[in-house]
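*Asks:* here is the input, now give the coordinates:
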Amino acid sequence: MAQQSKTTLPHVSVVERFGPYRKPTEHTIPKFKAIQEKCLELAVLIEETCPNVPQKFTALTQLELCKMSANASVALYES
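*Replies:* Okay, here's the model as predicted:
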């Protein structure tokens, strides 16, 4: 039986999560751009490849949420 490792996530307060906008920094801008580029690449692939059915629109919505979550992780946990 494999042992599971416990990873402690950094604590972010409610004020930090839902408080004021964080201006991008020299450190975070390249990360935001990389996330944007890869998400756009996948969105274009989905748009060009998939038929116009509900699952396509779900995939694009989920990708949008993925991008926002990834950007939030950078904004909240990177300085």
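
*Asks:* quick one: which helix or strand includes Pro51?
*Replies:* Using DSSP states H and E, Pro51 sits in no helix or strand.

*Asks:* separation between it and Thr58?
*Replies:* When distance is defined by C-beta to C-beta, to the nearest Å, Pro51 is 13 Å away from Thr58. (Glycine included, C-beta is placed from N, CA and C.)

*Asks:* please apply the same query to Cys66.
*Replies:* For Cys66, the distance to Thr58 - C-beta to C-beta - is 12 Å.

*Asks:* looking at those two, which one has more neighbours?
*Replies:* Neighbours per residue (other C-beta atoms under 10 Å) separate Cys66 from Thr58, with Cys66 holding more: 14 against 10.

*Asks:* secondary structure element for the more buried one?
*Replies:* Secondary structure from DSSP H and E places Cys66 in helix 54-77.

*Asks:* what about that helix, average pLDDT?
*Replies:* Model confidence over helix 54-77, given as mean pLDDT, is 96.

*Asks:* list of residues touching it?
*Replies:* 10, 12, 16-17, 22, 24, 28, 31-32, 35-36, 39, 42-43, 46-47, 50 (C-beta atoms under 8 Å, 6 or more residues apart in numbering).

*Asks:* ok, and the closest non-adjacent residue to Arg17?
*Replies:* Of all residues not flanking Arg17 in the chain, Leu76 sits nearest, at 6.7 Å (C-beta to C-beta, 6 or more residues apart in numbering).

*Asks:* in PyMOL, how would I select just the buried ones from the contacts of helix 54-77?
*Replies:* Applying 16 or more other C-beta atoms under 10 Å to these, the buried members can be selected in PyMOL as follows:
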select buried, resi 28+31+32+35+39
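
*Asks:* thank you kindly, that will do.
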